[in-house]
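# pasting the sequence and the predicted model now:
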Amino acid sequence: MNFTNNFPILENYTYLNTAYSGLLSTEIASWRKKHDEDFIQNGSVFRADSLKVLDELRYNLSSSFSVNIENTFLSPNFSIGFNAILNGMNKNQRFLLLQEDYPSVSYPVTSIGFEYLEIPINADLEQNILNAIEKFKPTIFAFSMVQYISGLQMQSDFIKSLKANFPDLILIADGTQFLGTTVFNFEQSGLDVLIGSGYKWLLGGYGNGYIFLSDAVKNELYKHRKKLNLPNAPFLSGRDHLSLSLEPGHLDSLNFGTLNQGINYLNEVGFSYIEKANQNLAQKARVALHAKGLLTDWMVERAEQSPIFSLPLGKAVADRLNEEKILCSPRGTGTRISFNFYNTEEDLYRLLAAIE
């Protein structure tokens with residue numbers, strides 16, 4: 001497939017930066033323009049009619065990623081959603097965290113004052129996790145499905161085994177760098193909570209995100225709120241305690257409507273196609289970059305891989321990438337590149353030539 005008509009930037013740049021920001025398609029830009037034109041012409045009448053897009057988005061998210069629609073909530077971004085979840089937790093929870101994980105995962109836990117343990121990310125990651133569970137006995141393990149710097153992806157079978165062997169351990173994951181890269185079934189994943197922002201791999205622009213809950217965690221969160229009286233304002237009729245806590249205030253039909261359009265577009269392309277395209281191109285990149293000594297053995301030997309890489313490139317090489325209009329991001333001590341379904345082998349060849 002050729003995607004330059006939908007994403008004109010691909011004609012002018014080698015875009016290896018979806019891990020920083022997904023692209024906005026021309027079709028979605030047209031939808032956004034019509035949305036605001038309707039707002040200009042119809043004001044409050046438009047607002048009342050536009051709210052149905054929120055229900056459409058919940059349905060699209062639940063059907064695309066196999067989540068109970070009653071357990072699907074909308075949030076402006078990961079950070080707000082995660083903090084809302086934490087605010088509904090008992091303060092005696094014990095958190096297991098990963099060192100150098102995304103700050104929005106670790107900082108809320110540590111700043112609120114939960115007891116926690118951080119473990120290193122290395123070749124023995126899974127064993128480190130099991131050892132920490134045995135010794136520290138956490139009640140919650142919070143982590144990113146894909147690490148934002150290295151691109152390391154948590155293994156799906158390992159997550160399932162954690163839930164099977166430690167059923168009381170609550171698994172909370174940040175899906176921002178994961179959801180949209182592959183076929184995914186939340187109900188079969190073993191996760192209790194998946195939260196993420198929609199502006200990267202879901203191509204939904206900024207100001208939107210999602211919260212998926214297992215039945216067990218939903219009931220736990222609801223239990224701590226049901227003692228409170230619900231507001232009796234007529235415009236809040238039909239809202240329950242959890243909805244008011246996780247989706248407070250007004251939700252923006254433009255931002256969430258854009259995410260809805262992004263999900264529609266990805267379904268048109270097909271998540272099976274997206275997964276295959278991402279993995280095929282990323283594997284070719286992985287082999288070539290490993291041969292150049294830019295990736296460690298243990299990272300390339302993991303069974304499930306993300307399309308994100310962190311390369312230890314010197315300043316001269318990083319400057320050359322910029323000069324060659326190869327868009328990527330400095331992250332940590334390296335340069336982060338990421339491939340998506342709209343990238344091609346020619347993009348990879350340009351990257352390799354620039355590195356040479």
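Good, I have the coordinates.

# tell me where the stretch 201-350 of the chain has strands.
209-213, 308-311, 326-327, 329-331, 334-338 (DSSP state E, counting those that start in this stretch).

# which other helices and strands does the fourth one contact?
With contacts taken as 3 or more C-beta pairs under 8 Å, 6 or more residues apart in numbering; DSSP states H and E, strand 329-331 sits against strand 334-338. For glycine as for every other residue, the C-beta is placed from the backbone atoms N, C-alpha and C.

# could you dump the strands of the stretch 201-350 of the chain to TSV with distance to Trp298?
As requested, these are arranged in TSV below (distance: least, C-beta to C-beta, whole Å):
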stretch	distance to Trp298
strand 209-213	30
strand 308-311	14
strand 326-327	27
strand 329-331	19
strand 334-338	16
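
# tell me which of those strands sits nearest to Leu96.
strand 209-213 (19.5 Å; C-beta to C-beta).

# flag the shaky bits of this protein, pLDDT-wise.
224-240 (pLDDT under 70).

# and the next helix or strand past the lengthiest helix in it?
Using DSSP state H, we find that the single longest helix of the chain is helix 26-50. Using DSSP states H and E, the helix or strand that follows helix 26-50 in sequence is helix 52-65.

# and that following helix, how far from the chain's centre?
Relative to the centre of its chain, helix 52-65 is centred 16 Å away, using C-alpha atoms, centre = their mean, to the nearest Å.

# so which bits of that helix are buried?
53-54, 57-58, 60-62, 64-65 (16 or more other C-beta atoms under 10 Å).

# just give me the neighbour total for Arg350.
Per other C-beta atoms under 10 Å, the neighbour tally for Arg350 reads 17.

# can you give me the helices for the stretch 51-200 of the chain?
Ranges of helices within the stretch 51-200 of the chain are 52-65, 78-87, 103-112, 125-136, 156-165, based on DSSP state H, counting those that start in this stretch.

# identify the residues contacting the second one?
It stands for helix 78-87. With contacts defined as C-beta atoms under 8 Å, 6 or more residues apart in numbering, helix 78-87 is touched by 73, 75, 104-105, 108-109, 112, 114, 172, 174, 176, 193, 195-197, 209-211, 221, 245-246, 248.

# on that earlier part again, just the helices of the stretch 51-200 of the chain: most buried one?
Mean neighbours per residue, mean count of other C-beta atoms under 10 Å, is largest over these for helix 78-87, with a mean of 20.

# any idea how far Val269 lies from Asp215?
According to C-beta to C-beta, to the nearest Å, Val269 and Asp215 sit 31 Å apart.

# looking at those two, which one has more neighbours?
Val269 (16 against 12).

# need the contact list for the more buried one.
With C-beta under 8 Å, 6+ apart, Val269 has these contacts: 1, 341.

# state the distance from it to Asn60.
14 Å.

# Lys276 now?
From Lys276 to Asn60 the distance is 22 Å (C-beta to C-beta).

# likewise Leu162?
29 Å.

# and the nearest residue to Asp347 once chain neighbours are set aside, how many neighbours?
The shortest distance from Asp347 to any non-neighbouring residue, by C-beta to C-beta, 6 or more residues apart in numbering, is to Thr14 (4.9 Å). A count of neighbours around Thr14, defined by other C-beta under 10 Å, yields 23.
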